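> Give me a model of this one.
(one chain, ligands or ions: 3)
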Amino acid sequence: MQQSARVLIDGPSELVFDYMIPTDMPIVTGCRVRIPLRNRDSTGTVLDIGPPPQTNFTLRPISSLIDPEPLITPTLMKLGKWIANYYVAPLEQVMRALLPESVRQDTHSEKTRKVVELTAMPATDDLEKIAKRAPKQHIILKLLEANAGAMPLKDLGGGSVSAAVKSLEKKGHVKLTEEAVRRDPDEDQEFLESKPLQLNSEQAEALKQILEPATNENGIPKPILLHGVTGSGKTEVYLQAVQHALDQGKSALVLIPEISLTPQTVQRFKSRFAALQDQVAVLHSHLSQGERFDEWHRIRNGQARIVIGARSAIFAPLTNLGIIIVDEEHENTYKQETSPRYHGRDIAVLRAHFEKAVVVLGSATPSLESFQNTQSGKYQLIRLTQRADSQAMPIMRVLDMRIEAQKQKGRIAILSDRLRVSMEKKLENGEQIILFLNRRGFARSLQCPPCGHVCECQHCAIPLTYHRTDDRLVCHMCGYQSLPPKKCPSCGDEAIRLQGFGTQKVEEVIQKVFPQARMARIDADTMRRKNALRDTLNKFKAHKIDIIIGTQMIAKGLHFPNVTLVGILNADLGLHVPDFRAGERTFQLLTQVAGRAGRGELEGEVIVQTFTPHSPSIQFARHHDFDGYAEQELQFRNQFGYPPFAHCALLGTRSTHERRAEFTLENLHKRLSKDLPPQIELGEPMPSPLTRAHGQFRYQLMLKSTSARALHQHVQRVLSTTPPPDDVTIIFDMDALGFF
Ligand SMILES: Nc1ncnc2c1ncn2[C@@H]1O[C@H](COP(=O)(O)OP(=O)(O)OP(=O)(O)O)[C@@H](O)[C@H]1O
Ligand SMILES: [Zn+2]
Ligand SMILES: [Zn+2]
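Residues are numbered from 1 along each chain as shown. Ligands and ions are numbered 1, 2, ... in the order given. Predicted coordinates for the structure are as follows:
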């Protein structure tokens, strides 16, 4: 029977239409085709092939095949279909994620440059004549001769020599040609080749296990979780593992949380493989369309065999993949925030499985999902327990800010005496300081300053969120509501209220206390400019800055040997948010931020200011005890049926009409409760913590299920039979990481 193809049409509206496939046309999914669209010719990408859909009009045939080779490799196609299914996203949306726009809408041609080639050197006496009459032409000939007979026109002087080049061309001495050049995003940077380090025994053992991984019953390597404390030399292990894959003739993919936030990691890869510069491709969101086009095609045609990139680089069209590395695998930035809402780490594990490649998930603070997988035997666990050059882990002091709050009567304490004294000492010694501030979310909980008590939901054990508009406390997991207490339920104090301060306020205070110190603030506001972060960090490295004040942005992968003090100003803020992962995030942040201290010769000190000094995430982080932390946290997750023991998903509606957003969600809720599979727990619809954003009202409900398949199938069924009104958008976030 004749088959038809679903084609994603090029163009800004990204339409999808079905076409008949002419019987002799060798089309596979991922091919680019020419098709008729209304009364013109158009181009597009084949998404899917199958029996023609039942319609009462005849499908038009595909006109021709542009490229017999599909743009998407078969494995990536398989991955795409899996994603569409699991995350309940339309296949065409997944395809957009898989194939960057610049590649699909093939309008970005290669960048070229003019090259002058020496075709025939004049005889000696001719050359002498030229030297006298046209010295410019003589210099060009001599330069070309000295440079293996060819030079870019630009290097010869560009426009200023073009007349001279022309007359040389006329005389038959040179030829002007065009040559494709790569748009290299890092053109302005030089990378000195770094040599592999002699591994310490733990690193050597880790590398050995990565090169000879345990396999499952089908002979496919088991995913590896590399849990290495901060500064343990994970990156060196990655570098050598990648080198090994290349030596085997294979390719390697390295995912990092966000390129602009981890410039040092990219630099280390670029330096190690400096001699193979042309084989390294870097993919990230700051590339221009042209740069992306070039990098993508260098990967697709096998020129680039090492790809470093953020989340979406997981779709890099590498073939013969030997290893995938996911650095800082616990990072939230691996989750895509728009549809398809895939998790880069999970897709890495799946892709490695499809390609029978090794996948290494590395972190000093593994996610509980990955850690639990090592406990159940699905993943293999490798540990690095010591810092690479055997420095000690930094000493962590936890400061009880409730006492400070009493001392400073009624005012919000930003800087404790202990931290101030410590800062004075470090500055006197010419050492450097990082002050870290948890980003303040819009979701606020009520915390009592004198005793640290936080109002929680008794069903879900997460903090209740304060809604100012109707003066209500709401649980954002189950929908439970209550009135805010007038007095603290724990100590009876009336001071229970909202409080907080931002990076800007901190900068002001620090400036007043230490007017001589040179400081820089790193947060989303100050780092908008391209390369702003890189420049600030370089200044810090060169010790032109004494104190850095920053948010999450400075928590990752930075290595500054002269930093001896890290102050964490408000450890609580991330802790009391309406999210069962709040404790995990706080543990991760404290451990990662603390890991920036004492990475050189000098011992490091970390001071943590908190209103809840006994919270387990703070105490376990203080003792550098990941296992202890994981054990109690997994117990809590198990008890309340949270991931990794169940899948959590968020279903939301957004609309400029509040009632319609609410009504649509209520309707979906009604439909979902019908024939609800027993594995699924369905929450109540409620306004989102961020009730209104970008002019839209937001409603949401939670779904929990012990079976991922039951969950996405049930939701898929309901969503496909319940189209929303035109002015309501539906959001489904499988394995959601945030609940707003
Ligand atoms: N075998 C080794 N011998 C000497 N120095 C090493 C060795 N391995 C790594 N180092 C050095 O130790 C420091 C820390 O290593 P690296 O940054 O790779 O650790 P990491 O585990 O990736 O840290 P983090 O998770 O904190 O980012 C670096 O300066 C690195 O060059
Ligand atoms: Zn609740
Ligand atoms: Zn109290």
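> Could you tell me which residues of this protein lie near ligand 3?
Counting by Cβ under 5 Å from the ion, the residues of the chain close to ligand 3 are 448, 451, 453, 488, 490-491, 493. To be clear about C-beta, it is placed using only N, CA and C from the backbone, and glycine gets the same treatment.
> State whether Asp294 is indeed within a helix.
Yes - under DSSP: H, G, I helix; E, B strand; the rest coil, Asp294 sits within a helix.
> Relative to Leu255, how far out is it?
Asp294 is 20 Å from Leu255, where distance means Cβ to Cβ, to the nearest Å.
> And Glu92, by the same measure?
Distance from Glu92 to Leu255, by Cβ to Cβ: 24 Å.
> Of those two, give the one with the bigger neighbour count.
Shown here are Glu92 and Leu255; by other Cβ atoms under 10 Å, Leu255 has more neighbours (28 against 18).
> and the nearest residue to that one once chain neighbours are set aside, what element?
Leaving out its chain neighbours, the residue that sits closest to Leu255 by Cβ to Cβ, 6 or more residues apart in numbering is Val326, at 4.7 Å. In this assignment (DSSP states H and E), Val326 forms part of strand 321-327.
> So which elements touch that strand?
Under the contact definition 3 or more Cβ pairs under 8 Å, 6 or more residues apart in numbering; DSSP states H and E, strand 321-327 sits against helix 234-247, strand 251-255, helix 344-355, strand 358-363.
> any idea how far the helix or strand hosting His712 is from the chain center?
Assigned by DSSP H and E, His712 belongs to helix 708-721. Distance of helix 708-721 from the chain centroid (Cα atoms, centre = their mean, to the nearest Å) equals 27 Å.
> again with stretch 225-240
Relative to the chain's own centre, stretch 225-240 is displaced by 18 Å; criterion: Cα atoms, centre = their mean.
> That stretch near ligand 1 anywhere?
Yes - using Cβ under 6 Å from any ligand atom as the criterion, contacts between stretch 225-240 and ligand 1 involve 228, 230-236.
> right, and the residue nearest to Leu255 touches Gly344 too?
Yes - here Val326 reaches Gly344: they are 7.2 Å apart, a contact under Cβ atoms under 8 Å.
> Please enumerate the shared neighbours of those two.
Counting by Cβ atoms under 8 Å, 6 or more residues apart in numbering, the contacts common to Val326 and Gly344 are 255, 334.
> Compare those two (neighbour count), which wins?
Set Val326 next to Gly344 and count neighbours by other Cβ under 10 Å: Val326 wins out with 32 against 23.
> Could you give the bridge partners of that one?
Listed by DSSP bridges, the beta-bridge partners for Val326 are Leu255, Leu361.
> Could you tell me what pLDDT the model assigned to it?
Looking at Val326, its pLDDT stands at 98.
> quick one: contacts for it?
The neighbours of Val326, taking Cβ under 8 Å, 6+ apart as the test, are 255, 334, 344-345, 348, 359-362.
> which element is the residue lying farthest from the centre of the chain on?
No residue in the chain sits farther from the centre than Asp125, which is 64.2 Å out by Cα atoms, centre = their mean. Using DSSP H and E, Asp125 maps to helix 124-133.
> Tell me the helices and strands packed up against that helix.
Helix 124-133 packs on helix 135-146, going by 3+ Cβ pairs under 8 Å, 6+ apart.
> downstream neighbour of the helix it packs on in the secondary structure list?
Remark: after helix 135-146, the chain's next helix or strand is strand 150-152, criterion DSSP H and E.
> For the helix or strand following that next one, give me every contacting residue.
Using DSSP H and E, the helix or strand that follows strand 150-152 in sequence is helix 153-156. Helix 153-156 is contacted from outside by 113-116, 140, 143, 161-162, 165, 176, using Cβ under 8 Å, 6+ apart.
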